[in-house]
Every structure is written in C-alpha cells, then in structure tokens.
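Colleague: Build me a model from this:
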Amino acid sequence: MSARASSTFDRDALAILNRVFGYASFRGAQHSIVTHVAAGGDALVLMPTGGGKSLCYQIPALLRDGVGVVISPLIALMQDQVDALRELGVRAAFLNSSLGAREAAAVERAVAAGELDLLYVAPERLLTARCLELLENARLALFAIDEAHCVSQWGHDFRPEYLQLAVLHERWPQVPRIALTATADALTRREIVAKLGLHSAREFVSSFDRPNIRYRIVEKIDPKRQLLDFVAGAHAGEAGIVYCASRAKVDEIAHWLSAQGIAALPYHAGLDNATRSAHQARFLREDGLVMVATIAFGMGIDKPDVRFVAHLDMPKSVEGYYQETGRAGRDGAPAEAWMAYGLADVVQQRRLIEQSEADDAYKRVASAKLDAMLGLAETIDCRRVRLLAYFGESSPPCGNCDNCLEPPQPWDATEPARKLLSCIYRIRQASGFGFGAQHVIAVLRGHASERVRQHGHDALSTFGIGADLSETEWRAVLRQLIAQGLVTVDHARHQVLVLADASRALLRGERTLQMRRPKTESGRRAGRSARRARDASASDGTAAAPAVFGDATVEALFERLRQWRRATASTRGVPSYVIFHDATLRGIAERRPATLAELAGISGVGEKKLEAYGAELIDLIGSADP
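Modeller: Predicted coordinates:
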C-alpha cells in the first residue's frame, strides 16, 4: 500500500468514525486494523467483548467498494445489529432462516444491485449453493468471520459449519477476510489460522483485560440465598445474566428469583423458539431484567448495560468463563462477575470428562482446560493476574478483585490433607469398599452416626482425628484434593472417594498442599458488611456499585433521557441501546448541550442521529429543571 493510499484511508476512516458513528477517535488497535483491512489485507483480531470489534469490519466495508459480508452464528441478534446500523444511516440487511421467501428475495435483489453496505448471513445460509451464487455475481468489499473461535473443535462454542468457511478464500482469493473473536488461547488461535486458511493474515491481539469488571468467586454454601444477596444488594434493579449448568436449574432459579421480587426470565434450548425469542427480545429491549440461562444464551449479546454476570455452576474452561463474564459492562461502566463454587462443581466437571465418549486426546485437552479453571477458582492471588496469564498476558495485581480487596489467608493444608487421604484408605481397608464425602468427613470429625457405627468406622484410628476442623473446611480440603487429581470419585458406585496414584507423594511427605483457608460464617458476614460499606462509598469508577453522580440535577436529567429513549425505542421497535448507549446519555446529562453543534460534540452522536433526534433532545434538555 502506497503512503498516499494509506493517508487517504486514514483520513477517510476517521471521517466515517466521526460522521457515521459519532466517535472522535479510534481505540487501541482499531485504527491499524481498519486501515490494514481497507487496503485489502487479511486479519485475525482478538479483542475483548466491548472493545469495539464491529467497527473493525464495518468501517472497512464502508471504505471499500461493494458489500461487506458478515458471517455470524447469531441469528437471533442479526435483526438488532441491522437495526442499529440503519439508525446510523448504513445500508444493512441480513439473510437467515427467520426471513420469508419474499423478504429474502428482496435482500438478494439489493445485494445484486449493489444497494447494501453490509450483509449479515448465518454460516449455514452462506454455504448454500443459492447464496454462494448470489455472492459470485456481486461486488464484494470483504468477508468478516465473527465469533471465529467457533471453528475450534476444542472450544466451548464449536460450530461444524465454521470448518467449511475456508471456501471463502478458495472462491474469492482477492477479497480480504477478517476473523474476529473475544476468546482464543494460543491453541485456538492456531486452529483459526489453520482451519480458515489465514496463514498470511496479520494478527492483532489486544489486551484481554476488562478493568471495569470486578471478579469475585465465593464458596458455595447456600447458593440461592447467596445469589439473592448479590443480585438484590449491589445490583438491585440492574440488568444481569445468571448462568446455570442445566435446564431444570435454570427454570428453578428463574422461578425462585421471580418469587423474591426479582424480574427474571429463563432461557435454554428446552424452551420453544417463540418463548426463547420473546425472552431474549425482552432482555435486550427492557431495563433491569435478569436472564437465567444455560450457555445457549449470550454469545455476541450486544446489550451494553449488563451490570453483572453470575455463575451458579462452574464453567468447564477459562475461555468459557472469560467470554460469559465479558457480557457484563460492555459500555465500560463498572460491572461484576460473580461465581459460587464448591465441591460438587469439581466432582461434576471431572465426571463429565471421564464419562465423555470423546477420544483420549479430547479428554486430555478438556482436563487441562478444567485444571486451569480450577486454578482460577482456587487461587489466593489476584484473579485478574491469573486470568490474563492464561491468555499469555502479564499484569500487576488489579486491586479490584475479591482476592485483592479481601486477601484470603494462605493455609498449609498438608497435614489435614494427609489425614483425609488416610481416612479414605482406612475406611476402604476396613470395609472392602469405599464411601462418599459426607461419610468420610463424619468419620474424620468423630461423628458416630448410625451409619458410621453400623460399619464399625467409629473404631478406626482415623475416627475423630479431624475434629478441629468444620465440615466446610474439610469439604474445601477435599475439593482441592480432587481438583489436583489426588482423589477421584467413582460415579458408578454412588460417588465413592478413591485414592489416586498421585496421592502417594503427599502421604509419604514428599509434597505439600497450599490452599486458601475457608471462611467461617462470621467471617463471611464480616466480609459482606465490609463490601457493602466500601461499595456504598466508592465513586472512583472502579467499584461494582452503580455510578454515582455528584449533581442531583445531572441524575434527574439522565433519568429523563432514559425515559425518552425507552419511549422512542418502543415506537421504533428497537432495543433502547440502538437509540443511544447509557454512556452517551450520561454525556448529554453532564454537558447539557443547548445547540445542535454542542450536541454533535458528544461521543456517540453521529450525523444521522443528530438529524433524527437532535431537535427533540435540545427541547427536552431546555425544559428540564436547571
């Protein structure tokens, strides 16, 4: 690319960013990506959720001749994505199974006539002979492969259709391709390059850090009550997502939250399409709803004001955890990622891998990914440091995760662990068969229950040797032993505990076991009180508490603007954030523009939106109390 061409792209790209999208400058690597792709280069882009990935293909599509084709698995969200672009004056449409024959034909005619800037298409639709022929006869600006991690067979969102997208390079070698994802470790990046034929693509890897998200992982004691305390406390009336592992649990938690006065909806694959679509539409278009869901919900969710993501069951990989928690705080405002984690999570995840019908190679990769997730849950160091290290990025302690704010006590659990291992061994030796966690802990703590006496385990040398620890503390030790592969669970025989070969080194004193000391109930209460006091006083933009405005008039105007936006969005049949993001409304409330020129200077107010809403907003601001 010549220096003159590069300069032209720089100038024109910034002009489109200002005029169409209403932003004064690019963020991070956006500028380099836009000019590289606009000049015809292939790119692999890794950028965190909320980092502005969509601009990296939308602006090059507007700079180049022809239509930009965006391949996305998110059929349910294409309508909202297209609506948002049309609000900006961009000629956009989608092709997927939600369209009738007449509607689809109209879109195809627009493509053939060169009347579109961007076309969103599902991979299944793209690969049909009809769609390939349509594109063969169209002028193409670029191909954008969104959610590119779906090509990875090791990943949590694998879509087999993505494996066939190499056809794009084979049929249109001169058309630039940009593959984008928010979640990919080194292994997944190599897969994306290999499977999509992106060997000559330039890689742009942005920081994976989401500094506005506070990470918190708590011991699972009374999960429903803990969840309610979390949602109804710091996040009352705010939009959020609660992830559960099973459909039944989703239904149970959604119903229970609703009964507690929380506006909650379920979402999982067991619901019919109409119900799922209706629930997703409500979540996207209404304020303050909580979606309780399996991982069937969320990939690519564009709602910017999700203030929290909660997990009641542990994800099976750090990639899954990162992507799911990344749906919080896309607008850059404070948000929180909360997870309740316990012994049952470790046992369940190990069981799923062991009982999988996949080959040994897959099981090895799955086990390694689970080990990394367990390491994040159990660490006594900064969560953010551990999370970023997984993606090959170094970082100083963040000062904003639970471990930084309330440093856990490190505990040399070597001796308790040896006692627990010995107890498992003695019970099996005495009975000829094993027992589960509850029975083993009862023996350790010296609880002579009827079942313990029935099997004579009250006479064992290990009976009562762990009376100094609570059941919660023993469960934490056992959780760590299972997490590290020193104890396994025989699921075929009623969750029986079995010593693994690796436990011998610990029993012989050849290794130690360091872990976080479990909190007592009084400690948990004290921690909750300290958090509430800290969050209530926090106003520096890093806390998980809602943003605090120093001026009551600013807050009042902001709420009036939100009400106006809600009514306008309802009239136009689009989500509220398609009209303006909260961040833009906050900017308007703080600066109180009195003219269209002043309004145009606020981030997020582009040319088309200024024309559509400017006069109305100026009138609204003028009528508000000073």
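Colleague: how about the nearest residue to Thr414, chain neighbours excluded?
Modeller: Distances taken as C-beta to C-beta, 6 or more residues apart in numbering put Thr512 closest to Thr414, at 4.4 Å, once the chain neighbours are dropped. From N, CA and C alone the C-beta is placed, and that goes for glycine too.
Colleague: right, and that neighbour touches Asp412 too?
Modeller: Yes: contact criterion C-beta atoms under 8 Å: Thr512 and Asp412 qualify, at 6.5 Å.
Colleague: ok, the residue nearest to Thr414 - contacts?
Modeller: Asp412, Thr414, Leu506 (C-beta atoms under 8 Å, 6 or more residues apart in numbering).
Colleague: Was I right to think the last one contacts Lys419?
Modeller: No: here Leu506 does not reach Lys419: they are 10.9 Å apart, not a contact under C-beta under 8 Å.
Colleague: State the distance from the residue nearest to His455 when sequence neighbours are not counted to Val489.
Modeller: For His455, ignoring the flanking residues on the chain, the nearest one in space by C-beta to C-beta, 6+ apart is Ser431 at 5.7 Å. According to C-beta to C-beta, to the nearest Å, Ser431 stands 17 Å off from Val489.
Colleague: between these two, who's got more neighbours?
Modeller: Taking neighbours as other C-beta atoms under 10 Å, Ser431 and Val489 compare with Val489 leading, 23 against 13.
Colleague: How about that one: what's its closest non-neighbour residue?
Modeller: Val347 (5.1 Å).
Colleague: Looks to me like the one you found is in a helix.
Modeller: Yes: checked against DSSP: H, G, I helix; E, B strand; the rest coil, Val347 lies within a helix.
Colleague: give me the number of residues near it?
Modeller: Val347, neighbours per other C-beta under 10 Å, totals 20.
Colleague: that older thread, wait, the residue nearest to His455 touches Gln454, no?
Modeller: No: using C-beta under 8 Å as the test, Ser431 is too far from Gln454 to be in contact (10.5 Å).
Colleague: quick one: the helices in the stretch 301-450 of the chain?
Modeller: 318-325, 343-354, 360-378, 383-390, 402-405, 414-431, 437-445, 450-454 (DSSP state H, counting those that start in this stretch).
Colleague: Next: the stretch 101-250 of the chain.
Modeller: 101-112, 123-126, 129-136, 167-171, 186-196, 223-232, 247-259.
Colleague: Mean confidence (pLDDT) on the strand or helix carrying Leu62, please.
Modeller: Under the criterion of DSSP states H and E, Leu62 resides in helix 55-63. Averaged across helix 55-63, the pLDDT comes to 96.
Colleague: Show me what counts as buried in that helix.
Modeller: Residues of helix 55-63 classed as buried by neighbour count (16 or more other C-beta atoms under 10 Å): Leu55, Cys56, Tyr57, Gln58, Ile59, Pro60, Ala61, Leu62, Leu63.
Colleague: now stretch 588-606
Modeller: Ile588, Ala589, Arg592, Pro593, Leu599, Ala600, Ile602, Gly604, Val605, Gly606.
Colleague: Am I right that the last one is in contact with Leu17?
Modeller: No: taking contacts as C-beta under 8 Å, Gly606 lies outside contact range of Leu17: 9.1 Å.
Colleague: Next, the distance between the ends of stretch 569-583.
Modeller: 17 Å (C-alpha to C-alpha, to the nearest Å).
Colleague: Same question for stretch 78-97.
Modeller: Stretch 78-97: ends 11 Å apart by C-alpha to C-alpha.
Colleague: who touches it?
Modeller: By C-beta under 8 Å, 6+ apart, stretch 78-97 touches 20-21, 54, 58, 62, 72, 74-75, 98, 104, 107-108, 110-111, 115-122, 124-125, 131, 284, 302, 574-575, 577-579, 606-609, 612.
Colleague: For that stretch, could you pull out the residues that count as buried?
Modeller: Buried, per 16+ other C-beta under 10 Å, within stretch 78-97: 78-85, 87-96.
Colleague: what sits up against stretch 449-469?
Modeller: 416, 419-420, 422-423, 426-427, 430-431, 439, 441-446, 448, 474, 477.
Colleague: re the thing from before, and the gap between the residue nearest to Val489 and Ser207?
Modeller: 35 Å.
Colleague: Let's see if you can find the most crowded of the contacts of Thr512.
Modeller: Neighbour-wise, the contacts of Thr512 (other C-beta under 10 Å) top out at Leu506, 20 neighbours.
Colleague: Got phi/psi on that residue?
Modeller: phi -70, psi -40 (degrees, to the nearest 10).
Colleague: what about this structure, any weak spots by pLDDT?
Modeller: Applying pLDDT under 70 to the chain flags residues 1-9, 153-156, 296, 298-301, 491-494, 519-550, 625-626.
Colleague: The biggest helix by length in it packs against which elements?
Modeller: Determined from DSSP state H, the single longest helix within the chain is helix 552-572. If contacts are counted by 3 or more C-beta pairs under 8 Å, 6 or more residues apart in numbering; DSSP states H and E, helix 552-572 sits against helix 576-579, helix 582-591, helix 607-623.
Colleague: And that helix, what's buried?
Modeller: Those would be Val554, Leu557, Phe558, Arg560, Leu561, Arg562, Trp564, Arg565, Thr568, Ala569, for helix 552-572 by 16+ other C-beta under 10 Å.
Colleague: so who does the second one touch?
Modeller: Read that as Leu557. So Leu557 contacts Ile588, Ala589, Arg592, Ile621, Ala624 (C-beta under 8 Å, 6+ apart).
Colleague: The closest residue to Asn18 other than its chain neighbours: how many residues sit nearby?
Modeller: Nearest-residue entry for Asn18: Ala24, 6.6 Å, with adjacent residues in sequence omitted and distances by C-beta to C-beta, 6+ apart. Using other C-beta under 10 Å, the number of residues around Ala24 comes to 10.
Colleague: Can you tell me how far Ala24 is from Leu14?
Modeller: 9 Å.
Colleague: Quick one: distance of stretch 332-346 to the chain centre.
Modeller: 11 Å (C-alpha atoms, centre = their mean, to the nearest Å).
Colleague: can I have that stretch written out in CSV, keeping just the CAs?
Modeller: Provided in CSV are the C-alpha atoms of stretch 332-346 (Å, rounded to 0.1, in the frame of the first residue of the first chain):
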residue,chain,number,x,y,z
GLY,A,332,-17.1,0.4,30.1
ALA,A,333,-19.0,1.3,33.3
PRO,A,334,-18.4,-0.7,36.5
ALA,A,335,-19.7,-4.3,36.4
GLU,A,336,-19.2,-7.5,38.3
ALA,A,337,-18.6,-11.2,37.6
TRP,A,338,-19.6,-13.4,40.5
MET,A,339,-19.4,-17.2,40.9
ALA,A,340,-20.4,-19.6,43.6
TYR,A,341,-18.1,-22.6,43.5
GLY,A,342,-18.0,-25.7,45.6
LEU,A,343,-17.0,-29.4,45.9
ALA,A,344,-19.9,-30.5,43.7
ASP,A,345,-18.6,-28.4,40.8
VAL,A,346,-15.3,-30.1,40.8
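Colleague: Could you pull out the buried residues of that stretch?
Modeller: Neighbour-count burial for stretch 332-346 [16+ other C-beta under 10 Å]: 332-346.
Colleague: now do stretch 472-486
Modeller: 472-484, 486.
Colleague: what about that stretch, distance to the chain center?
Modeller: Per C-alpha atoms, centre = their mean, the centroid offset for stretch 472-486 relative to its chain is 27 Å.
Colleague: cool, stretch 237-247 as well?
Modeller: 12 Å.
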